[in-house]
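Chemist: missing the sequence, but the structure's below:
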RNA sequence: GGGGGUGUAGCUCAGUUGGUUAGAGCACGUGCCUGUCACGCACGGGGCCGAGGGUUCGAGUCCCUUCACUCCCGCCA
């Protein structure tokens, strides 16, 4: 028998009636009636009500204990009266009549309450994370995370994947995010980098002939934080497979994610075979490469309409002549919405950096007309044509945005969400997964006008790889794919380029000489030259999967010890200064701030 | 690097047009209370109103600067 307990605080029930037991835990809540005192004792497993009255000689001592003191209680399991049963507790049919107690851990006055549903500031939560983590919701989130990871491990094993660790101290790579760097003592002036992802290693594992690899991999990127992005580190389910095409990867990931999401959430899946949407379609129909498919609204391009003579909407027509585009969102049966709804959307759009959203509602009396501020500019014939393009009906409203393509995409993407929220047509009880496929291999940097890799430089371009036409690199598509759920990018992956000669050519387009590539990616280029299998993979983000399952909007709610927005650990005081001696050993000196 | 929000008791917040001694709930302390489960009642301690400067007879409140936290943009192969 344990010195500290015979049972946990979530374990006892009516079947233990009459037993002498020992429990240990935290004082979650006290209810003091003067001569009768209730204590809710809490541990990881649950809550048990303990009771003591003034006939007990330790009563006065127990009465003085403050919340969150850790105590050991010995007592007897008593059946509660019918009218005092608490149906919200698994232990609610019994209570412990306290015989004796012992203090195991004293507490100072609490900087934040544990038993409370109140929100409180991040600063205090992160500084006293060990107290914060005692709170119910986040405690359960962390347990969920553990269970999800362990489930994924076992499923990956079942699917024939082997788990390997890859180095944490590795080399800096020129592409991608900013690296975290670690100075080398034995190699003065040189630095390790923490891996942004085990990208090269997992490809090397394939070249080494291990066929199917996975890892719950820590990834380090020195980028600014967002609500769904921790500064510093995050975890990916990193996986890679040999002798596969894109579809083989899709099948494995779909199988896995469907199981995970069915197992750990009550929400339903909108699709069990995830729809595949090309990058260009996604940008057109949703204005984004991470569309939320729970939202039924779809964007249409109606630029061509504005070449018609029977439309007199001169502002848009002139802009179109100068190369602007016009796209629309149609909302179903919104003719009876109050004026304030439409103006609200328009005003909101203006606040978000656009020139607003023009709109009109389709109505039919003798003939079809557009009702609303700009409806009068459209002839009946042009409205019929518009209805054909956008699938709009009488009673629907058409919102219009005109401008530069990237601006229109941006504003309509967020307008799509905003309008759907207003109309309450987002299917909140679902997970809507999709694949975004056919990403362009290259893109043009708006500022430098240089061509760069749009995603991963190691991706395999689509087409005949032996006779690839590289004269128009911007039209080249890659076997590069993202998985998106409810508007959140869960991961990206690719079929890799395992042909060194082709890789040199592609890097050349992005401005890297053969020598650069050999130097920066020596490990991998070298390996690919000694018999590399065709291979590909993906890396779903663990933190974001758990966020979706726990229905949390902030990644810190599913991370045990997160850093704050300035990449500081307020509990451990990281980062911190180091001693002169440490600096000397590392051959480093710190420049004074100017 | 840029933009928005917030900052008042240990915690969560209120504080009117600039006007007496800055309030509430929880927590803490003392007292009463033997069936509560957000127990109840009474009393009490607790404040550099984030920091600095300015306007004013007078600033928690107005102005400027600055710091912290947070959300967003940039960034995230």
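Modeler: Nice, I can see it. From a predicted model like this one, the values you see are computed outputs, not experimental measurements.
Chemist: got a list of what residue A:457 touches?
Modeler: A:175, A:506-507, A:510 (C-beta atoms under 8 Å, 6 or more residues apart in numbering). Placement of C-beta: from N, CA and C, glycine included.
Chemist: How about residue A:583?
Modeler: Contacts of residue A:583 (C-beta under 8 Å, 6+ apart): A:589-590.
Chemist: And it, its phi and psi?
Modeler: The phi and psi values for residue A:583, taken as degrees, to the nearest 10, are phi -60, psi -40.
Chemist: Check the secondary structure at residue A:326 for me.
Modeler: Three-state assignment for residue A:326 (DSSP: H, G, I helix; E, B strand; the rest coil): strand.
Chemist: Counting neighbours, what do you get for it?
Modeler: 22 (other C-beta atoms under 10 Å).
Chemist: which residues sit in contact with the residue in chain A that RNA strand B sits nearest to?
Modeler: Relative to RNA strand B, the nearest point of chain A is residue A:34 (1.8 Å; C-beta to the nearest atom of the strand). Residue A:34 is in contact with no residue at all, counting by C-beta under 8 Å, 6+ apart.
Chemist: tell me which element it is part of?
Modeler: According to DSSP states H and E, residue A:34 maps onto no helix or strand at all.
Chemist: okay, it: pLDDT?
Modeler: According to the prediction, residue A:34 has pLDDT 91.
Chemist: measure it to residue A:253 for me?
Modeler: 61 Å (C-beta to C-beta, to the nearest Å).
Chemist: Equivalent analysis for residue A:535, please.
Modeler: Applying C-beta to C-beta to residue A:535 and residue A:253 gives a distance of 15 Å.
Chemist: and what of residue A:69?
Modeler: From residue A:69 over to residue A:253 the distance is 48 Å, taken as C-beta to C-beta.
Chemist: ok, now residue A:128?
Modeler: Applying C-beta to C-beta to residue A:128 and residue A:253 gives a distance of 39 Å.
Chemist: between those two, who's got more neighbours?
Modeler: Comparing residue A:128 with residue A:253 by other C-beta under 10 Å, the one with more neighbours is residue A:253, at 23 against 17.
Chemist: Next, the buried residues of the one helix or strand that one maps to.
Modeler: Using DSSP H and E, residue A:253 maps to helix A:246-264. Of the residues in helix A:246-264, A:246, A:249-250, A:252-254, A:256-258, A:260-261, A:264 count as buried by neighbour count, 16 or more other C-beta atoms under 10 Å.
Chemist: How about stretch A:478-490?
Modeler: A:478-487, A:489-490.
Chemist: Please list the members of the residues you listed that lie in strands.
Modeler: Taking DSSP state E, the ones among the buried residues of stretch A:478-490 that sit in strands are A:480-485, A:489-490.
Chemist: And the helices in the stretch 251-400 of chain A, which stretches?
Modeler: A:279-285, A:314-321, A:339-351, A:380-390 (DSSP state H, counting those that start in this stretch).
Chemist: Which strands or helices does the longest one pack on?
Modeler: In other words, helix A:339-351. strand A:358-364, strand A:397-403, helix A:405-423 (3 or more C-beta pairs under 8 Å, 6 or more residues apart in numbering; DSSP states H and E).
Chemist: what about the worst-scoring helix or strand of chain A on mean pLDDT, distance to the chain center?
Modeler: Here the helix or strand of chain A ranked lowest by mean pLDDT, DSSP states H and E is helix A:339-351, holding a mean of 84. With C-alpha atoms, centre = their mean, to the nearest Å as the basis, helix A:339-351 stands 29 Å off its chain's centre.
Chemist: residues in contact with it?
Modeler: By C-beta under 8 Å, 6+ apart, helix A:339-351 touches A:334, A:356-359, A:372, A:397, A:399, A:401, A:411, A:415, A:418-419, A:422.
Chemist: hang on, the earlier thing: tell me which of the helices and strands packed on helix A:339-351 is the most buried.
Modeler: Of all the helices and strands packed on helix A:339-351, strand A:397-403 carries the top mean neighbour count, a mean of 24, counting by mean count of other C-beta atoms under 10 Å.
Chemist: residues making contact with it?
Modeler: A:302, A:315-316, A:319-320, A:324-331, A:334-335, A:337, A:342, A:345, A:349, A:354-355, A:357-362, A:370, A:372, A:374, A:386, A:390, A:392, A:408, A:411-412, A:415, A:419.
Chemist: coming back round to it: of all the ones in strands among the buried residues of stretch A:478-490, which two lie farthest apart?
Modeler: Comparing all pairs in these by C-beta to C-beta, the longest separation belongs to A:480 and A:485, at 18.1 Å.
Chemist: roughly how far apart are residue A:213 and residue A:518?
Modeler: The gap separating residue A:213 from residue A:518 is 25 Å, by C-beta to C-beta.
Chemist: how many neighbours does residue A:437 have?
Modeler: 20.
Chemist: Am I right that residue A:17 is in contact with residue A:93?
Modeler: No - contact between residue A:17 and residue A:93 fails when scored by C-beta atoms under 8 Å: they sit 9.0 Å apart.
Chemist: Neighbour count for these two, which is higher?
Modeler: residue A:93 (18 against 13).
Chemist: Look at residue A:27 and give its secondary structure.
Modeler: Going by three-state DSSP: residue A:27 is strand.
Chemist: Who is it paired with across the strands?
Modeler: Beta bridges link residue A:27 to residue A:41 when assigned by DSSP bridges.
Chemist: and the angle for the least confident helix or strand of chain A with strand A:397-403?
Modeler: 20 degrees (axes from the mean of the first three to the mean of the last three C-alpha atoms, to 10 degrees).
Chemist: what comes up buried for helix A:339-351?
Modeler: A:341-342, A:345-346, A:348-349.
Chemist: And for the nearest residue to residue A:36 once chain neighbours are set aside, the neighbour number?
Modeler: The shortest distance from residue A:36 to any non-neighbouring residue, by C-beta to C-beta, 6 or more residues apart in numbering, is to residue A:53 (4.7 Å). Neighbour count of residue A:53, defined by other C-beta under 10 Å: 13.
Chemist: so what's residue A:53 up against?
Modeler: Contacts of residue A:53 by C-beta under 8 Å, 6+ apart are A:35-37, A:59.
Chemist: Of those - the most surrounded one?
Modeler: With neighbours taken as other C-beta under 10 Å, the top of the contacts of residue A:53 is residue A:37, carrying 20 neighbours.
Chemist: Show me what the one helix or strand it maps to packs onto, helices and strands only.
Modeler: Assigned by DSSP H and E, residue A:37 belongs to strand A:36-43. For strand A:36-43, the elements it packs on are strand A:20-32, strand A:46-53, helix A:59-64, strand A:70-79, strand A:94-105, judged by 3+ C-beta pairs under 8 Å, 6+ apart.
Chemist: hmm, 6 Å instead?
Modeler: strand A:20-32, strand A:46-53 (3 or more C-beta pairs under 6 Å, 6 or more residues apart in numbering; DSSP states H and E).
Chemist: So what sits opposite residue A:238 in the bridge?
Modeler: Under the criterion used (DSSP bridges), residue A:238 bridges to residue A:215.
Chemist: how near is it to residue A:360?
Modeler: From residue A:238 to residue A:360 the distance is 50 Å (C-beta to C-beta).
Chemist: ok so, going back, could you tell me the angle between the strand holding residue A:37 and strand A:46-53?
Modeler: Using the same axes, to 10 degrees, strand A:36-43 lies at 160 degrees relative to strand A:46-53.
Chemist: burial measure for residue A:471, as a count.
Modeler: Counted with other C-beta under 10 Å, residue A:471 comes out at 7.
Chemist: Show me which of residue A:213 and residue A:518 is the more surrounded one.
Modeler: Shown here are residue A:213 and residue A:518; by other C-beta under 10 Å, residue A:213 has more neighbours (26 against 15).
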